[in-house]
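Undergrad: Structural data only, the sequence is not supplied:
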């Protein structure tokens, strides 16, 4: 290493005082420079944390106000009625699907259009009669929703105008402020309008309760087994709907407008909320559960591949591979971590997703209940690719941990006559276990925080994966916490509730990753191998 | 630590007898994990081969000069696919207009956004982003690392600082993206611009640069510093002559890893610096010199995202997609390979 010495003439002149500037020597100034930089770095990094908290914190207040308005305006009240109407429409859709199937079957049997029409006519009365039953409820809900919705919108407008006026007054533009016309909106007035017609709603329910069983008493009978089975199922569903009607009713009549909504409600609605709905005309919901479970599902799929493969590879390379294999495999796997995530995501869209779907179409796999797949982009596609991104992390760290096991342990075990596998399973892996666990944790952290692969390949459907469906759940399209930020951040208004909601999601990610890192480090430190 | 087994001579074989059950299980298990290991390598190879094979068809050509210069030097354009006098033709937008004017025919064409032309602005944008972000990150990072490793007093505070920097290195890149968006783009009013991207990316790699540089400085034995100080050197002189030269390879590797990360990440620049399409190159049409910093650029990773998410997959679009992926992977993989090779060399060179 070359060393250049600047003050050549003073080199051996110990008596010369060091040059100083404003009383600081060069060393002091340099120390100040380095210290200043360190200070800036630490400041910046803590600023990130603070900024995330600051932007996220406003969310809960805004969300509480939004929920409060949702209740006060009566939208929540009407929502229950809408749920009943949705259940009824679902029934109608099911009936329609029976009808479509019937006509398809008739066409398949070789009839032409007119014949099909004639054949359908016999059953048509039933279909139409049921459809008509749904009408009054739909009209009622539409009207009620219109009233409270308009009330809510004009109320929000009034608030905006008031804020605007306050701004004008603050700026000293009193004349303009005076010119603003603000009509006071009384939410209670509109709500009572709807509430006073509650009896109408109850009446509609009475009609439904009377008419549906009457109609179901004479269901159409087909010549086809499948259709008959479907019709039977329809009858069951209709009966289930009738059983639910009293629940809806008691919810409507027992609903209390005065029940207060506090910060706690906003918090629980975010943490346990099962809906993430934005840009809705009725009410936006920011519940993190579908995103969180989506992230979790994808991460679990990825870890399902990455842990056995990564740890296995680490054991193989460290304990069983020849030196030449080691020298190739180690840099190779390290190199995999350099593939940019967006390229892997692109590969998923272009090749892997299609491959997954094609494999699911194989005859040999048709016994699996959830095959063939309709979506090529789903949790499995994303998880499989993320596994490849987690493997280098897991492999490198686990290999390091195995490498740190003192050789004497292994030698002692071998000297007792155990085979290499026995030594690995009983001695080496247990000794390195803390390192391996922290490797797995860090791999998990990497997978949870990965954005581009899930954004491109996970299918982006905001719904809680149906874990009750068994293994088929891994092939469902999901949305993730990272994906939702990447997808929606581009279109939000600065400072809006949606913008802040995304910041809270970012904050959750931030905390999760900090937690994982912290735990991983603690595990390593706590269970360090003593080399005594 | 490797125990490579030499084959036993026949007389020894008779001595040991048939392999025991434990031996047989061992063989099976080793074979299994070996297969798993090679499976990983094969999967990664499949990605490399797919992208290099299909991408090479766009980037290289059979005639002189063998490289598709147009793809590398043109900007992305809409691709027109149409039939003319019984022939199927593909043309990028600018050629298509000329062609239409020359022939004077009214041609109905199918269009594919982003699929014609080349990726020159993306390459330029990526280079600008990397250079600026690394300049910020290295200045701040290396100087901070010198302070933390050489000047600061060991104690609880230092440990806490170290731990939090280490923890921040694992924070997902999208979190830095949302921070950059909120802070630089909106709160500072820089809009989508190079400078917002620089700072976002720089802060993303800052923890990595600091902790890696500091680690390589702390790995140098205390004796070297003490010896230098004992000979009368000042603190800075001893750092300059006895710490930095030996830590340099480590700092270099960590900064190259930082470059690969900065070049490869998409999430932080999606909202802070990247445009999906921009006609002008960064240095064109500037009113003031500082406008250079306050403009968005196209970038390779974001371009890949746009062409793979926003346009359909078919034979016309896949050329652009694979070509971009090829160039991008080539650049990032090249940088990463350099750092890995450098580290292997370094490990051999310095062993205290």
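TA: That came through, no problem. Bear in mind the structure is a predicted one, so any value in this text is a computation, not a measurement.
Undergrad: residue contacts, residue B:230?
TA: By C-beta atoms under 8 Å, 6 or more residues apart in numbering or on different chains, residue B:230 lies in contact with nothing. Glycine gets a C-beta too; all of them are placed from N, C-alpha and C.
Undergrad: With residue A:223 instead?
TA: Applying C-beta under 8 Å, 6+ apart, no residues contact residue A:223.
Undergrad: Surely it is in a helix?
TA: No - under DSSP: H, G, I helix; E, B strand; the rest coil, residue A:223 falls outside any helix and is assigned coil.
Undergrad: how close does it get to chain B?
TA: 44 Å (C-beta to the nearest C-beta, to the nearest Å).
Undergrad: What backbone torsions are found at that residue?
TA: The phi and psi values for residue A:223, taken as degrees, to the nearest 10, are phi -90, psi -10.
Undergrad: can I assume residue B:76 is in contact with residue B:275?
TA: No - the criterion here is C-beta atoms under 8 Å, and residue B:76 misses it with residue B:275 at 10.9 Å.
Undergrad: Give me the more crowded residue out of the two.
TA: Remark: of residue B:76 and residue B:275, residue B:76 carries more neighbours, 27 against 17, as counted by other C-beta atoms under 10 Å in any protein chain shown.
Undergrad: Mind listing the residues bridging to that one?
TA: residue B:117 (DSSP bridges).
Undergrad: ok, it - contacts?
TA: B:114, B:116-119, B:121-122, B:277, B:298, B:303, B:320.
Undergrad: Let's verify the residue of the stretch 151-300 of chain A found nearest chain B: helix, strand, or coil?
TA: Using C-beta to the nearest C-beta, residue A:295 is the residue of the stretch 151-300 of chain A that sits closest to chain B, at 10.6 Å. Per three-state DSSP, the secondary structure class of residue A:295 is helix.
Undergrad: ok now do it, which residues does it touch?
TA: A:448, A:454, A:480-482.
Undergrad: which one is it nearest to, not counting chain neighbours?
TA: Counting by C-beta to C-beta, 6 or more residues apart in numbering or on different chains, the nearest residue to residue A:295 once its immediate chain neighbours are dropped is residue A:480, at 4.3 Å.
Undergrad: which residues of the chain score low on pLDDT?
TA: Since no chain was named, I'll use chain A. Where chain A drops to pLDDT under 70, the residues are A:1-23, A:529-532.
Undergrad: Can you look at chain B instead?
TA: For chain B (pLDDT under 70), the answer is B:1-17, B:347, B:349-352.
Undergrad: Can you show me the helices along it?
TA: For chain B, applying DSSP state H gives helices covering B:10-16, B:21-59, B:69-73, B:93-103, B:120-146, B:156-168, B:173-180, B:194-218, B:222-230, B:235-238, B:244-264, B:267-270, B:300-309, B:315-349.
Undergrad: same thing with the stretch 401-532 of chain A?
TA: Assigned by DSSP state H, counting those that start in this stretch, the stretch 401-532 of chain A shows helices spanning A:407-415, A:420-423, A:429-449, A:452-457, A:481-488, A:497-526.
Undergrad: Show me what the longest one packs onto, helices and strands only.
TA: Right, helix A:497-526. helix A:26-72, strand A:285-286, helix A:429-449, helix A:481-488, helix B:156-168, helix B:173-180 (3 or more C-beta pairs under 8 Å, 6 or more residues apart in numbering or on different chains; DSSP states H and E).
Undergrad: Spell out for me which residue occupies the centre of chain A.
TA: Compute the mean C-alpha point of chain A, and by C-alpha atoms, centre = their mean the closest residue is residue A:291, 1.2 Å away.
Undergrad: one step back: what distance do you get for the residue of the stretch 151-300 of chain A closest to chain B to residue A:448?
TA: According to C-beta to C-beta, to the nearest Å, residue A:295 stands 6 Å off from residue A:448.
Undergrad: Quick check: neighbours shared by those two?
TA: Counting by C-beta under 8 Å, 6+ apart, the residues touching both residue A:295 and residue A:448 are A:481-482.
Undergrad: Could you chop the chain up by domain?
TA: Since you didn't name a chain, this refers to chain A. A:73-262, A:299-404+A:430-526 (automatic domain parsing).
Undergrad: please go with chain B instead
TA: If you go by automatic domain parsing, chain B breaks into B:10-59, B:77-117, B:120-349.
Undergrad: Could you say which of those is packed most deeply?
TA: Ranked by mean neighbour count, these are led by domain B:120-349 with a mean of 20 (mean count of other C-beta atoms under 10 Å in any protein chain shown).
Undergrad: one step back: quick one: closest of the helices of chain B to residue A:119.
TA: helix B:315-349 (45.6 Å; C-beta to C-beta).
Undergrad: What is the closest one packed up against?
TA: Applying 3+ C-beta pairs under 8 Å, 6+ apart, we find helix B:315-349 packed against helix A:323-336, helix A:341-347, helix B:21-59, strand B:76-84, strand B:110-117, helix B:120-146, helix B:244-264, helix B:300-309.
Undergrad: and residue A:226, what is it in contact with?
TA: residue A:101.
Undergrad: and it, how far is that from residue A:220?
TA: 14 Å.
Undergrad: residues from the stretch 201-350 of chain B in reach of chain A?
TA: Residues of the stretch 201-350 of chain B that fall close to chain A, judged by C-beta under 8 Å from any C-beta of the partner chain: B:203, B:206-207, B:210, B:232, B:234-236, B:241, B:245-246, B:260, B:263-267, B:270-271, B:301, B:304-305, B:308-309, B:313, B:318, B:321-322, B:325, B:328-329, B:332-333, B:335-337, B:340-341, B:344.
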